[in-house]
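Colleague: quick check, what structure comes out for this input:
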Amino acid sequence: MPKKIDHEERKETILRTALAVFAREGYHNSNLSLIAEDAGISRPTVYQYFRNKDEIYYYAVKLVTGRLFTKYSAIAWNEEGGDEIERMKAILSDIIDTAAENEQALMNLMDVMVSAKREGVDFADVIHHRTAKLSILFRRLLRQGVDNGRIRRISIDGTADAIFNLAELACFRIAFFRTFDKKETMAMIDSYLEGLRA
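Modeller: A predicted model of the protein is given here:
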């Protein structure tokens, strides 16, 4: 009897392998043959899941952001999690924890971005498109807090962008600096968010 294949598991194996290959070889010098070899599968098998390496990268970003956004939506709209400021703190804390737990994968993603950028491929639009929901989530929480009188009158868009930038900065520091300190980073985030209270 043939072995049953878990297609999602295989797709994620190809993805993890591809990110490692991209980081090691550079995005331009990577190809599906190298990825298949490192994953221990045939190249036609890789083609069953992905047409090219760009599609693998897009899938990586989509997979990660989709899973996280589902989790963060639940946190954002669970009023038992405290007021809007407390819920934003919970989301940012989880972003930092998730990034730290997946430091190697995060480093690989960023290595791919840097390598691809050097080769004239810019994934900024893909990243922006996939993370826009998180910015919108922050905007909605801020708007709700302002409307309820718990957050002072602010520029909703500018403040949401600043909060999103704090999350990006934390992820960048986790990927590139060994001296990352979550306690210190959360203290800075807490200070910023507390300053928004009415």
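Colleague: and residue 151, its phi and psi?
Modeller: Dihedral pair for residue 151: phi -120, psi 140, per degrees, to the nearest 10.
Colleague: next one: the one 4 residues further on
Modeller: Backbone torsions of residue 155, given as degrees, to the nearest 10, read phi -80, psi 110.
Colleague: for the helix or strand harbouring residue 87, buried residues please.
Modeller: In this structure, residue 87 sits in helix 84-101 according to DSSP states H and E. Along helix 84-101, these residues count as buried under the neighbour rule (16 or more other CB atoms under 10 Å): 84-85, 87-93, 95-96, 98-99. Any C-beta I mention is one placed from the backbone N, CA and C, and that applies to glycine too.
Colleague: from the residues you listed, which is closest to residue 19?
Modeller: Lowest distance from residue 19 to these (CB to CB) belongs to residue 99, with 14.7 Å.
Colleague: what distance do you get for the closest one to residue 141?
Modeller: Separation of residue 99 from residue 141 (CB to CB, to the nearest Å): 20 Å.
Colleague: on that earlier part again, just put the buried residues of helix 84-101 in a markdown table and tack on distance to residue 126.
Modeller: Formatted as a markdown table, the buried residues of helix 84-101 follow (distance: CB to CB, whole Å):
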| residue | distance to residue 126 |
| --- | --- |
| 84 | 29 |
| 85 | 31 |
| 87 | 27 |
| 88 | 25 |
| 89 | 28 |
| 90 | 27 |
| 91 | 22 |
| 92 | 23 |
| 93 | 26 |
| 95 | 19 |
| 96 | 22 |
| 98 | 19 |
| 99 | 18 |
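Colleague: and the nearest residue to residue 60 once chain neighbours are set aside, which of the three is it?
Modeller: Nearest residue to residue 60 in three dimensions, chain neighbours excluded: residue 15, at 5.3 Å (CB to CB, 6 or more residues apart in numbering). Following DSSP: H, G, I helix; E, B strand; the rest coil, the label given to residue 15 is helix.
Colleague: tell me which residues touch residue 15, please.
Modeller: Contacts for residue 15 (CB atoms under 8 Å, 6 or more residues apart in numbering) come out as 56, 59-60, 63.
Colleague: where does pLDDT dip in this structure?
Modeller: Counting by pLDDT under 70, the chain has low-confidence residues at 1-3.
Colleague: which stretches of it form helices?
Modeller: Counting by DSSP state H, the chain has helices at residues 7-25, 32-39, 43-49, 53-76, 84-101, 103-118, 124-147, 156-176, 182-194.
Colleague: what residues of the fourth one count as buried?
Modeller: What it means is helix 53-76. Under 16+ other CB under 10 Å, the buried positions of helix 53-76 are 53, 56-61, 64-65, 68-69, 72, 75-76.
Colleague: and those as TSV, adding distance to residue 6?
Modeller: Below are those laid out as TSV (distance: CB to CB, whole Å):
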residue	distance to residue 6
53	23
56	18
57	22
58	21
59	16
60	18
61	22
64	19
65	22
68	22
69	24
72	27
75	29
76	31
